[in-house]
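# dropping the sequence and predicted coords here.
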Amino acid sequence: MSVRVRYAPSPTGLQHIGGVRTALFNYFFARSSGGTFILRIEDTDRERYDPRALQDIYDTFDWLGIRWDEGPRVGGPYGPYFQSERTALYQKHAEKLVQIERGYYCFCTPERLEKLREEQAKRKEPIGYDRHCRNLSLEEAERRKRAGEPYVVRLKIPLEGTTTFHDRLIGTVVHANKDINPDPVLLKSDGYPTYHLANVVDDHLMQITHILRAQEWIPSCPLHVLIYQAFGWEPPEYCHLPMVMGSDGHKLSKRHGSTSLIEFRNAGYVPEAIINYISLLGWSYDDSRQLFTKEELEKLFTLDKLNKAPAVFDYKKLEWFNGVYIRERDKETLKKELIPFLQRDGILSNPITEEEDRKLTACIPLIQERLKFLTDASQWIRFLFQDLLPYPVEALVPKKGSREEARKTLETLLSTMDQWFPKDPHQSEEFLRTLSESLNIKLGNLLMPLRVAITGSSVSPPLMESIQILGREETMKRIQRAIQLLSE
Ligand code: GLU
Ligand code: ZN
């Protein structure tokens, strides 16, 4: 039987690390086993439904370059893939359970249930349904239903015995049926299914073979298995994925830092780094290999290499991956990726002009090695596109030097500009070295005032290359301005 797996997000919030990890593992498992990856939108909770969350699902996976074989936008033989469009199916299935007496209609009013809860609380008993309607005859129930009484459909949880499920990672789990929430609602009075019914019916109808999902769903498993059994169906193979923790050993959450993908994207992470790092949260290929492209994971991923132990999300590690992938980028791709960030920071126009485009192309080789994030580019190259922000005059003066010396240095540089203004940065460096020797100052002390005059900072991309990009006229102006500053 060929593998069919699904990612089944509820569009109630933004895609975060945990969800994306689930999606990636399902996706890679499908790819590496020649199976099918399905996206199913679990949107039956209409109160928590948020259209932005649906858009975020599309945006996130488009950005990561992850495509589903069946699901929204692409369709497939088991659609529709939005649960909200499948309510008739759930109703039919709930009905069926009632007919075979594995489920029953319950007519209890919200008032009765509220009172029941209050009494249970008063008596310090566990809160739960008292199975009041479980023994209504089917005839009687049908009659009341036809008469228009509102009803829900509940599952008959066996009163005795145990329910067992097997999880590939966790092993066999046995649950006493008497400990399971008595007779949960499967179909609500508005005709919408509860999460459990829709989830099980769809996994069955869509012929899902493996369920890879977060461990928070383990407590629902016995109930799900009972629903499969009630229908006479075989449950898929379960594999609940290891938890993802922050560095403090608590479940990863906002307290630890960014968790939603859109935040990482806006902070200048590249998709390759995210995919690579997230794939190592609870999975490893061997003890040493860390770098994997998406294409490699599509071949190498296996469930056997999942770890039982919780994974720790290490922000520093992700940063490191990001730097690795940025440095590996081909220049043209990197340029394209940087443009929106540079526009966001007001450094480039939108659309980008030809002149800016030419300059930016020249900048890429100067900064690529220095970028940890796509967002870093602005700080490195702003001086090439905009007037300098005011800098303190002392910044122009080398340690143990005086303003007067710095001024003289810059004046010499200005007057010899014809000889060093870069045609070829190496030749200029040669010239400046000789010049510093003849002036009897260190090369560093010659270059430092020049660097600050040109870039506004003592840290910058390679100076001669930058000057070349900046152009002769602007270079002259900046040196003159610095001289003026030093003379005030
Ligand atoms: N809709 C559920 C969620 O958002 C899916 C759980 C499952 O994968 O079975 O997590
Ligand atoms: Zn009832």
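Arrived safely, thanks for sending. Numbers count the residues shown, from 1 in each chain. Ligands and ions are numbered 1, 2, ... in the order given.

# next one: Glu119 from ligand 2, what distance?
The gap separating Glu119 from ligand 2 is 15 Å, by C-beta to the ion, to the nearest Å. Yep, even glycine has a C-beta here, placed from its N, CA and C like the rest.

# so what's that residue up against?
Listed by C-beta atoms under 8 Å, 6 or more residues apart in numbering, the contact set of Glu119 is empty.

# helix or strand: which one has it?
Using DSSP states H and E, Glu119 sits in helix 110-122.

# go through that helix and flag the buried ones.
Leu116 (16 or more other C-beta atoms under 10 Å).

# just stretch 274-285 next, same as before
In stretch 274-285, counting by 16+ other C-beta under 10 Å, buried: 274-283, 285.

# neighbours of Glu139, just the number please.
8 (other C-beta atoms under 10 Å).

# what's the closest non-adjacent residue to the residue in the stretch 301-450 of the chain positioned nearest to ligand 2?
Per C-beta to the ion, Pro310 is where the stretch 301-450 of the chain lies closest to ligand 2, at 40.7 Å. Once flanking residues are discounted, Pro310 sits nearest to Met243: 4.1 Å by C-beta to C-beta, 6 or more residues apart in numbering.

# ok, that neighbour - contacts?
Counted by C-beta under 8 Å, 6+ apart, Met243 has contacts 214-215, 251, 310-311.

# outside of stretch 349-359, which residues touch it?
Residues outside stretch 349-359 that contact it (C-beta under 8 Å, 6+ apart): 339, 343, 348, 360, 384-385, 469.

# if any of these are buried, put those into a PyMOL selection.
To isolate the buried members of these in PyMOL, using 16+ other C-beta under 10 Å:
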select buried, resi 339+348+360+384+385+469
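
# want to try CSV for the contacts of stretch 349-359, with distance to ligand 1, pLDDT and secondary structure as columns?
Putting these into CSV (distance: C-beta to the nearest ligand atom, whole Å; pLDDT from 0 to 100; DSSP: H, G, I helix; E, B strand; the rest coil) gives the following:
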residue, distance to ligand 1, pLDDT, secondary structure
Ile339, 35, 98, helix
Gln343, 35, 98, helix
Leu348, 39, 97, coil
Leu360, 41, 98, helix
Leu384, 46, 97, helix
Phe385, 44, 97, helix
Ile469, 49, 94, helix
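
# circling back: backbone dihedrals for the residue of the stretch 301-450 of the chain closest to ligand 2, please?
For Pro310, the backbone dihedrals (degrees, to the nearest 10) come out as phi -60, psi 150.

# close enough to count as contact, it and Pro242?
Yes - counting by C-beta atoms under 8 Å, Pro310 touches Pro242, with 5.3 Å between them.

# overlap in contacts, these two.
Common neighbours of Pro310 and Pro242 (C-beta under 8 Å, 6+ apart) are Gly282.

# settle it for me: which of those two has more neighbours?
Pro242 (19 against 16).

# so how far is His210 from Thr172?
According to C-beta to C-beta, to the nearest Å, Thr172 stands 17 Å off from His210.

# quick one, which of the two is more surrounded?
His210 (21 against 8).

# so the more buried one touches Pro235, yeah?
No - counting by C-beta under 8 Å, His210 sits too far from Pro235 to count as a contact (10.6 Å).

# now do the contacts for the spatially most central residue of the chain.
Centroid check for the chain by C-alpha atoms, centre = their mean gives Leu261 as the closest residue, at 2.9 Å. Shown in contact with Leu261 (C-beta under 8 Å, 6+ apart): 14-17, 20, 56, 60, 63-64, 274.

# can you check Leu306 too?
So Leu306 contacts 25, 168-169, 239, 241-242, 282-283 (C-beta under 8 Å, 6+ apart).

# just give me the neighbour total for Gly161.
Based on other C-beta under 10 Å, the number of other residues close to Gly161 is 10.

# for the chain, which residues are neighbours of ligand 1?
For the chain, the residues in contact with ligand 1 (C-beta under 6 Å from any ligand atom) are 8-10, 42, 199, 213, 217.

# nearest to ligand 2, of the residues you listed?
So of these, ranked by how close each gets to ligand 2 (C-beta to the ion), first place is Asn199, at 23.4 Å.

# buried set for the helix or strand hosting the closest one?
Secondary structure from DSSP H and E places Asn199 in helix 195-205. Across helix 195-205, burial judged by 16+ other C-beta under 10 Å covers 196-204.

# the residues you listed into a markdown table, with extra columns for distance to Leu463 and pLDDT?
Conversion of the buried residues of helix 195-205 to a markdown table gives the following (distance: C-beta to C-beta, whole Å; pLDDT from 0 to 100):
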| residue | distance to Leu463 | pLDDT |
| --- | --- | --- |
| His196 | 65 | 96 |
| Leu197 | 68 | 98 |
| Ala198 | 63 | 98 |
| Asn199 | 61 | 98 |
| Val200 | 66 | 98 |
| Val201 | 67 | 98 |
| Asp202 | 62 | 98 |
| Asp203 | 62 | 98 |
| His204 | 67 | 98 |
